[in-house]
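# Return atomic coordinates for the entry below.
(one chain, ligands or ions: 2)
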Amino acid sequence: MFLRNCWYVAAWDYEVHRLQLMRRILLDEPVVLYRKANGKPVALEDRCSHRHAPLSMGRVKGDNVECRYHGLTFAPDGACVRIPSQESIPPTACVRSYPVVEKFHWIWIWMGDPALADPALIEDFHWMGDPGWRFKGERLDIEGNYLLIVENLCDLTHLPFLHLTSLADTAIPPNDIPVKTERHGNAVRVERWVLDTPTPPYFRLLGKFKQDDRVDRWMHLEFSPPAMVRLDIGAAKAGTGALDGDRSQGITTRNLNAITPATARTSHYFWAQAQDFGLDDPTITDVDFQLVHGAFMEDLAIIRGQQQNIDLAPAAPRLNIAADTGGLQARRVVERLIAEERVQPREG
Ligand code: FES
Ligand SMILES: [Fe+2]
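Ligands and ions are numbered 1, 2, ... in the order given. Okay, the predicted model is just below:
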């Protein structure tokens, strides 16, 4: 059961082409993505209304898609416009067409009631494409439920253990970091400040800090449904006002994540790393991206193992500890929204 009346990321902009049909399973539904002659993306049900052949195995004709099996042809709105072997086209011959919007280098898709698809509801990921930032991202296939990834991102206390060799910051034991968790509507915000400490290796690597500089640093996170997690991580010279909003003596990285369920057990993980410094130096973007990518590979292995165990015993109890507060709140928001959508099914 997934939340349907919301925007999900279906693809990176560079994954969707004019004459190349791309199949992707989203929320248990097969979807085919391509672009019209004017460049606008299209998303159709990837299941021909005739004998269920994937339309993605067919070909693009003008702005339409022709099924490879018996040639039924579908327009971007899903209407069947041609049945080669007969004159009449029954209205039931159509396939589903999904609202799509291209924004922040992602192709966003609305899997619920098309009448409710308001582009203003797309979450803010402006750091990708903003001239004040550089970014690099990718898509990863995850063998795990999307909420396992949300939980992973909402709890940074796993860093010194799982990411011992990549992101771990052994200078500050996680238990010593005060955490403030707040709800803002359906969003969950977790704030962490660490004041006046030696510069951790991550910031020494990326930034202009010197060996003996002391820094104030922040690790904030915002979750918003269905599965968007944006981290705001940075450091500034100690005592230069970062706590009050002046980051002029600091550097900020944004870790941007959008997870889209493929099935209940598999997910598409879209993420990017963005920086507001070293804008003329692409190596910083690469180093930051590779560092986080390496850590995510460690996360994926754990998530795959978690999912295998969940499949073996779905009802086995899970222990919750204090560090789970953010992840649990995120999970509860999603579960409540799904329950609300089921009470008032608004799908057309
Ligand atoms: S299955 Fe598509 S035309 Fe027959
Ligand atoms: Fe991790």
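# any idea which helix is longest in the protein?
helix 282-312 (DSSP state H).
# following it, which helix or strand shows up next?
helix 325-343 (DSSP states H and E).
# Convert the C-alpha atoms of that next one to PDB, please.
This file holds the C-alpha atoms of helix 325-343, laid out as PDB (Å, rounded to 0.1, in the frame of the first residue of the first chain):
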ATOM      1  CA  THR A 325      12.600   9.300  17.000                       C
ATOM      2  CA  GLY A 326      13.000  11.000  13.600                       C
ATOM      3  CA  GLY A 327      12.600   7.900  11.500                       C
ATOM      4  CA  LEU A 328       9.600   6.700  13.500                       C
ATOM      5  CA  GLN A 329       7.900  10.100  13.100                       C
ATOM      6  CA  ALA A 330       8.600  10.000   9.300                       C
ATOM      7  CA  ARG A 331       7.100   6.400   9.200                       C
ATOM      8  CA  ARG A 332       4.000   7.500  11.100                       C
ATOM      9  CA  VAL A 333       3.400  10.500   8.900                       C
ATOM     10  CA  VAL A 334       3.500   8.200   5.800                       C
ATOM     11  CA  GLU A 335       1.300   5.600   7.400                       C
ATOM     12  CA  ARG A 336      -1.300   8.200   8.500                       C
ATOM     13  CA  LEU A 337      -1.400   9.800   5.000                       C
ATOM     14  CA  ILE A 338      -1.900   6.300   3.400                       C
ATOM     15  CA  ALA A 339      -4.700   5.500   5.900                       C
ATOM     16  CA  GLU A 340      -6.300   8.900   5.100                       C
ATOM     17  CA  GLU A 341      -6.100   8.200   1.400                       C
ATOM     18  CA  ARG A 342      -7.700   4.800   1.900                       C
ATOM     19  CA  VAL A 343     -10.600   6.300   3.900                       C
END
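# picking up where we left off before, elements contacting the longest helix of the chain?
strand 134-142, helix 146-154, helix 159-162, helix 201-206, strand 267-275 (3 or more CB pairs under 8 Å, 6 or more residues apart in numbering; DSSP states H and E). Backbone N, C-alpha and C define where each C-beta goes, glycine included.
# Tell me which of these lies nearest to ligand 1.
strand 267-275 (25.8 Å; CB to the nearest ligand atom).
# What angle do helix 282-312 and the closest one make with each other?
In terms of direction (axes from the mean of the first three to the mean of the last three CA atoms, to 10 degrees), strand 267-275 departs from helix 282-312 by 150 degrees.
# could you give me the average pLDDT of strand 267-275?
For strand 267-275, the mean per-residue pLDDT is 97.
# what angle sits between that strand and strand 134-142?
Using the same axes, to 10 degrees: strand 267-275 against strand 134-142 is 160 degrees.
# Pairing partners for strand 267-275, with directions?
strand 134-142 (antiparallel), strand 250-261 (antiparallel) (DSSP bridges).
# Tell me how many other residues crowd residue 104.
By other CB atoms under 10 Å, the residues close to residue 104 number 21.
# I figured it hits residue 133, correct?
No: at 11.2 Å, residue 104 and residue 133 do not qualify as touching, with contact defined as CB atoms under 8 Å.
# what does this structure put close to ligand 1?
Residues of the chain lying near ligand 1 by CB under 6 Å from any ligand atom: 48, 50-51, 53, 67, 69-72.
# Identify each buried residue in the longest helix of the chain, please.
284-285, 287-289, 291-293, 295-296, 298-300, 303, 306-307, 310 (16 or more other CB atoms under 10 Å).
# same check, this time on stretch 107-119
For stretch 107-119, a neighbour-count test (16+ other CB under 10 Å) marks 107-112, 117 as buried.
# ends of that stretch, how far apart?
End-to-end distance of stretch 107-119: 12 Å, with CA to CA, to the nearest Å as the criterion.
# now what about that stretch, what contacts it?
Where contact means CB atoms under 8 Å, 6 or more residues apart in numbering, the residues beyond stretch 107-119 that reach it are 2, 4-13, 15-16, 26-27, 29, 31, 33, 41, 43, 97-103, 122, 341, 346-348.
# which among these end up buried?
So, by 16+ other CB under 10 Å, the buried ones in the contacts of stretch 107-119 are 2, 4-12, 16, 26-27, 29, 31, 33, 41, 43, 97-101, 103, 122, 341.
# quick one: which of the buried residues of stretch 107-119 is nearest residue 242?
residue 108 (32.6 Å; CB to CB).
# Now go through the buried ones among the contacts of stretch 107-119 and say which are in strands.
Residues of the buried ones among the contacts of stretch 107-119 located in strands (DSSP state E): 7-12, 26, 29, 31, 33, 41, 43, 97-98, 100-101, 103.
# got a list of what residue 86 touches?
Residue 86 neighbours (CB under 8 Å, 6+ apart): none.
# Brilliant, that's me finished.
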